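> what follows is a predicted protein model with its sequence.
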Number of protein chains: 2
Amino acid sequence: MISRSEVEQIVRKIVVARLANNGKGPAPTLAVHASARHMHVSRKDLDVLFGPGYELTVERPLYQPGNYAAKELVTLIGPKSRLISNLRILGPIRDRSQIELAFTDAISLGLENVPIRLSGDIDGSAGAFVMGPKGMVELQEGVIRAAIHVHMNPAEAAYDGVKHRDFMKLRVGGDAGVTFNKVHVRVDPTVRLNVHMDTDEANACGLHLAKEFELFK
Amino acid sequence: MISRSEVEQIVRKIVVARLANNGKGPAPTLAVHASARHMHVSRKDLDVLFGPGYELTVERPLYQPGNYAAKELVTLIGPKSRLISNLRILGPIRDRSQIELAFTDAISLGLENVPIRLSGDIDGSAGAFVMGPKGMVELQEGVIRAAIHVHMNPAEAAYDGVKHRDFMKLRVGGDAGVTFNKVHVRVDPTVRLNVHMDTDEANACGLHLAKEFELFK
């Protein structure tokens, strides 16, 4: 974590550089990615699921520095004894366990009360059972459908004239033609410009076919 | 089918009535529905799947007059021997068989080349095998992801100032907040105002939670 004054200094540098360039700095490269269903796991729950002191192993790094898809998979059990097998854990471990599902997943699992939330905002969200090779965890809450969001660092936020917790819109061209009107802006100095949507949103807008993206206020 | 001149006459009546009312006629009621994956079947293919001369039986009528979900189910077999069981047939029978899948369905089936098309526009679309209780049909083409569309009768089209083959936009409010920018307008005197989207689109916009809809040019 870097301090607020450091952040402000970085932003100021970028803004000054842009002004010196008649405001025509190059637009940051926008990556738009679909996140398939996954789990973030707490230390305590990982101990139960995979055994005391177990450490996640990296399957592949993700676009955001420090994040990775782990080799570890769990089984998610819904209220009607329906299962989602091979639910992948994303690392690193977090303070609280959290499961992100698309509504299609939640419906197939029989979970009818999954709210749309930002990652980490899980109070009062849906519960589920999670089964690992060494044990079972009951999550009283933590199952959400992740709200579409854009990660940006302070320089990228300054470029677009937005700040942390603002909303932007993402227009996806192509045969489907969808605009997401509530893209949550998440500013953090450690990230790079990247929209995360879930698989329902990706399939609705035909992300695998789309070539035209516009992120705007 | 009613004639063009009859249609024009109906439209004129409505327009005149609206003008007499200072243009403030009541807005037609908009129904927004999700269509789950389904099949439309030709006479010839129904003969193979369910036996010569077989007739579909009505499970429940659909919102559009004359259309119904049939009791009959088939199995769809994709190129990697993956299955979708219990694919429902919608009646009545059509000139050509057609299967409408969400991209989520197509991807789970291993079908990677399913185009976004209007119903009936299936030349060069994806193929699949379909299995019924009496036989198997190979569709060389006919598998599409249905483009989002709005059915309207001429009076409803006149109210919105649009015509057959135009595009409109549908904004869905709520936590997701999605605008569909390419809603195909389908004008037909036998229908009532009704947007059809697929399950990916419905889940992306949180249709089951949404209370606010705006259809506009």
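It's in.
> nearest the middle, which residue of chain A would you pick?
A:H196 (5.5 Å; C-alpha atoms, centre = their mean).
> okay, now the unreliable bits of chain A?
Within chain A, the ranges that satisfy pLDDT under 70 run A:1-24.
> near chain B, which residues of chain A?
Applying C-beta under 8 Å from any C-beta of the partner chain, one finds that chain A approaches chain B through A:102-104, A:107, A:115-116, A:145, A:147-148, A:171, A:175-182, A:198-201, A:203-206, A:208-209. C-beta: built from backbone N, CA, C; applies to glycine.
> again, only this time at 6 Å
With the criterion set to C-beta under 6 Å from any C-beta of the partner chain, chain A comes near chain B through A:103-104, A:116, A:175, A:177-182, A:200-201, A:203-204.
> the residues you listed, buried ones only, as a ChimeraX selection?
Listed next is the ChimeraX selection for buried residues among the residues of chain A next to chain B, using 16 or more other C-beta atoms under 10 Å in any protein chain shown:
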select /A:103,104,116,177,178,179,180,181,182,200,201,203,204
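> quick one, helices of chain A?
A:4-20, A:43-50, A:103-109, A:154-160, A:199-204 (DSSP state H).
> follow-up on the earlier one: count of neighbours near the residue lying closest to the residue nearest to the centre of chain A once chain neighbours are set aside?
Leaving aside its chain neighbours, A:H196 sits nearest to A:S35 (5.2 Å; criterion: C-beta to C-beta, 6 or more residues apart in numbering or on different chains). Applying other C-beta atoms under 10 Å in any protein chain shown, we find 18 other residues in the vicinity of A:S35.
> which residues does A:S35 bridge with?
Counting by DSSP bridges, A:S35 is bridged to A:D198.
> go ahead and confirm A:L76 touches A:L87.
Yes. With contact defined as C-beta atoms under 6 Å, A:L76 counts as touching A:L87 (5.0 Å).
> from chain B, how far out is the spatially closest residue to A:V143 that is not a sequence neighbour?
Excluding its sequence neighbours, the residue lying closest to A:V143 (C-beta to C-beta, 6+ apart) is A:A126, at 3.9 Å. Separation of A:A126 from chain B (C-beta to the nearest C-beta, to the nearest Å): 13 Å.
> if you tally nearby residues, what's the number for the nearest residue to A:V48 once chain neighbours are set aside?
In space, and not counting its chain neighbours, A:V48 is closest to A:G135: 4.3 Å by C-beta to C-beta, 6+ apart. Using other C-beta under 10 Å, A:G135 is surrounded by 13 other residues.
> gap between A:G135 and B:I77?
38 Å (C-beta to C-beta, to the nearest Å).
> cool, A:Q64 as well?
Using C-beta to C-beta, we find A:Q64 at a distance of 39 Å from B:I77.
> out of those two, which sits in the busier spot?
A direct count of neighbours by other C-beta under 10 Å for A:Q64 and B:I77 places B:I77 higher, at 19 against 16.
> tell me what that one is bridged to.
B:L83, B:F129.
> I'd say it and B:F129 touch.
Yes. B:I77 lies in contact with B:F129 (C-beta under 6 Å); the separation is 4.1 Å.
> residues near the spatially closest residue to A:G120 that is not a sequence neighbour, how many?
Nearest non-adjacent residue to A:G120, counting by C-beta to C-beta, 6+ apart: A:Q98, 7.3 Å away. By the criterion of other C-beta under 10 Å, A:Q98 has 24 neighbours.
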